[in-house]
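Student: Sequence and predicted model, in that order:
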Amino acid sequence: MSPRLNVDTDELHSLAGRIRRAASEAAGTHADPGAMRATMSQLGDPGLVTASHAFLEHWSYALGEVVADATRLADQIALVAQTCEDAEAAASRSFRP
């Protein structure tokens, strides 16, 4: 907590961690869509299989973009928290009674 700045840095660090964990989970799906592709291959109808594989390619690309954005967001949130903590520490040293 940064009382002078009124920022809950613990919550910011926690939020960054939750975003990183979610991004990591999504990255696993993005990196290995094989299980979904195998399931889609068993749909039977060749047109449906082709369409579902095309969808998977687009979805996988988009998921990769979301993972990258989420990772950058988590990094920035953690940086804001650290900057607030550093500013709080500097203010504490500067305004000692």
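Tutor: Thanks, I have it.

Student: How many residues are close by the spatially closest residue to Ser92 that is not a sequence neighbour?
Tutor: Closest residue to Ser92 apart from its sequence neighbours, by CB to CB, 6 or more residues apart in numbering: Arg4 at 7.8 Å. (C-beta placed from N, C-alpha, C; glycine too.) By the criterion of other CB atoms under 10 Å, Arg4 has 11 neighbours.

Student: Wait, a helix at Arg4?
Tutor: No - going by DSSP: H, G, I helix; E, B strand; the rest coil, the assignment for Arg4 is coil, not a helix.

Student: tell me the contacts of Ala89?
Tutor: Contact partners of Ala89, counting by CB atoms under 8 Å, 6 or more residues apart in numbering, are absent.

Student: Tell me the spacing between the residue nearest to Ser92 and Glu85.
Tutor: 11 Å (CB to CB, to the nearest Å).

Student: again, but for Pro3
Tutor: Computed with CB to CB, the distance linking Pro3 and Glu85 is 11 Å.

Student: Same question for Leu12.
Tutor: Here the criterion is CB to CB. By it, Leu12 lies 9 Å from Glu85.

Student: where does this structure have low pLDDT?
Tutor: Counting by pLDDT under 70, the ranges of the chain that qualify are 2, 96-97.

Student: At the geometric centre of the chain, which residue sits there?
Tutor: Ala70 (3.1 Å; CA atoms, centre = their mean).

Student: Correct me if wrong: that residue contacts Glu25.
Tutor: No - look at Ala70 against Glu25 with CB atoms under 8 Å: they stay out of range, at 10.4 Å.

Student: As CSV, could you dump the C-alpha coordinates of stretch 53-68?
Tutor: Extracted in CSV, the C-alpha atoms of stretch 53-68 (Å, rounded to 0.1, in the frame of the first residue of the first chain):
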residue,chain,number,x,y,z
HIS,A,53,-9.7,-26.0,-39.1
ALA,A,54,-9.8,-22.5,-40.8
PHE,A,55,-11.6,-21.2,-37.7
LEU,A,56,-9.0,-22.7,-35.4
GLU,A,57,-6.2,-21.1,-37.4
HIS,A,58,-7.8,-17.6,-37.1
TRP,A,59,-8.7,-18.2,-33.5
SER,A,60,-5.2,-19.4,-32.6
TYR,A,61,-3.6,-16.3,-34.2
ALA,A,62,-6.0,-14.0,-32.3
LEU,A,63,-5.4,-15.9,-29.1
GLY,A,64,-1.7,-15.4,-29.5
GLU,A,65,-2.2,-11.6,-29.9
VAL,A,66,-4.4,-11.6,-26.8
VAL,A,67,-1.7,-13.4,-24.8
ALA,A,68,1.0,-11.0,-26.0
